[in-house]
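Q: Generate a structure from the sequence data that follows.
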Amino acid sequence: MVLFGLGATLLDGPVSEGIIHGLKVTAVAIVAHAVWGMARSLCPDRQRAGIALAAVFIVILASGPLGQVVAIVVGGLGGMALCQTHHEVIVHDLPMPVSARVGHMASLVFCALLIGLPLLVWLTPSDIVLVMDAFYRAGALVFGGGHVVLPLLDAEVVESGWVSADEFLTGYGGAQAVPGPLFTFAAYLGAVMAPLGGGLIGAALALLMIFLPGMLLLLAILPHWNRFRRWDNVQALMRGANAAVVGILGAALYHPVWTSAVLGADEFVLALTGFLLLSVWKMPAWIVVIVLAIGGVLITLV
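A: Here you go, the predicted model:
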């Protein structure tokens, strides 16, 4: 992803523009497929479908990370009110090789960074602190799957002007062609964004900060995981929050993904082709990336 980010800035000419155009349309197909799959599994009833719809309205009315956090909180509360099952679930305890002391320390570090980094930005707005805060917050607020990082990162790096919308969607499409977690998208963003001049330093810092909160949360929760699995309220909260995540990703599918990539009938047909290749023909994402990149070249040349 770092090499792709460094190379994408050097590409020029109609073929290169077509590949980039195809990658942007690939993002539409991938996100649409993710929304479709998550909606089928996480919103199987009217209650959770309603929570997802409410999350769409919240994100539209309050754009940025704040709107997404509010949507997840409202979704969790809605789940506790509407998604209780009261079915007795047989749970077998899992061995957890993390002590409660380590868990408490990790939770303190997580909260200290989540609260302290914005304060540092306010006190000393250096580029390093700005990048640390943006990517740490994106990694900390992701809930329900890797694709949800898309609207969070868009709010942090595109709305701030660090990365253009075209560069953002190009990198997201390219991230589908490589194995591994979607968080590696941060390496691309760090390599192309304005603060710190991009390059290897920006990529390394972005990658470290987006993975750090998840690691801290894992250490914080593991000592208490067996108890969490037995609480009905926690299960209901998770159902509602997951439904809200579907709404958040659905809103991101429209903006910025659809509005930035689908400019006419040609792009719509190409995006629909990618969606069908993923959902009906079950083709791997990397094959869809190649097919749509070729389609983008054809659209540009013709």
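
Q: And the helices in the stretch 101-250 of the chain, which stretches?
A: Using DSSP state H, counting those that start in this stretch, the helices of the stretch 101-250 of the chain run over residues 127-141, 149-153, 165-175, 185-192, 199-221, 225-228, 232-252.

Q: mean pLDDT lowest for which of the ones you listed?
A: When the helices of the stretch 101-250 of the chain are compared by mean pLDDT, helix 225-228 comes last with a mean of 83.

Q: Can you give the contact residues for that one?
A: 91, 93-94, 96, 221, 234 (CB atoms under 8 Å, 6 or more residues apart in numbering). Any C-beta I mention is one placed from the backbone N, CA and C, and that applies to glycine too.

Q: Let's have these in CSV, adding neighbour count and distance to residue 120.
A: As requested, these are exported to CSV (neighbours: other CB atoms under 10 Å; distance: CB to CB, whole Å):
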residue, neighbour count, distance to residue 120
91, 11, 41
93, 10, 40
94, 9, 37
96, 14, 33
221, 15, 26
234, 15, 33
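
Q: will you turn these into JSON lines that also has distance to residue 240?
A: JSON lines is the format used below for those (distance: CB to CB, whole Å):
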{"residue": "91", "distance to residue 240": "20"}
{"residue": "93", "distance to residue 240": "26"}
{"residue": "94", "distance to residue 240": "24"}
{"residue": "96", "distance to residue 240": "26"}
{"residue": "221", "distance to residue 240": "18"}
{"residue": "234", "distance to residue 240": "11"}
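
Q: Looking at those residues, which one is closest to residue 30?
A: Minimum distance to residue 30 across these is 28.9 Å, recorded for residue 221 (CB to CB).

Q: any idea how far that closest one is from residue 68?
A: Distance, residue 221 to residue 68, using CB to CB, to the nearest Å: 21 Å.

Q: The residue most central in space within the chain - nearest residue in space that isn't next to it in sequence?
A: For the chain, the residue nearest the mean C-alpha position is residue 149 (1.6 Å; CA atoms, centre = their mean). For residue 149, ignoring the flanking residues on the chain, the nearest one in space by CB to CB, 6 or more residues apart in numbering is residue 142 at 4.9 Å.

Q: The one you found reaches residue 153, doesn't it?
A: No: if you go by CB atoms under 8 Å, residue 142 and residue 153 don't touch, sitting 9.4 Å apart.
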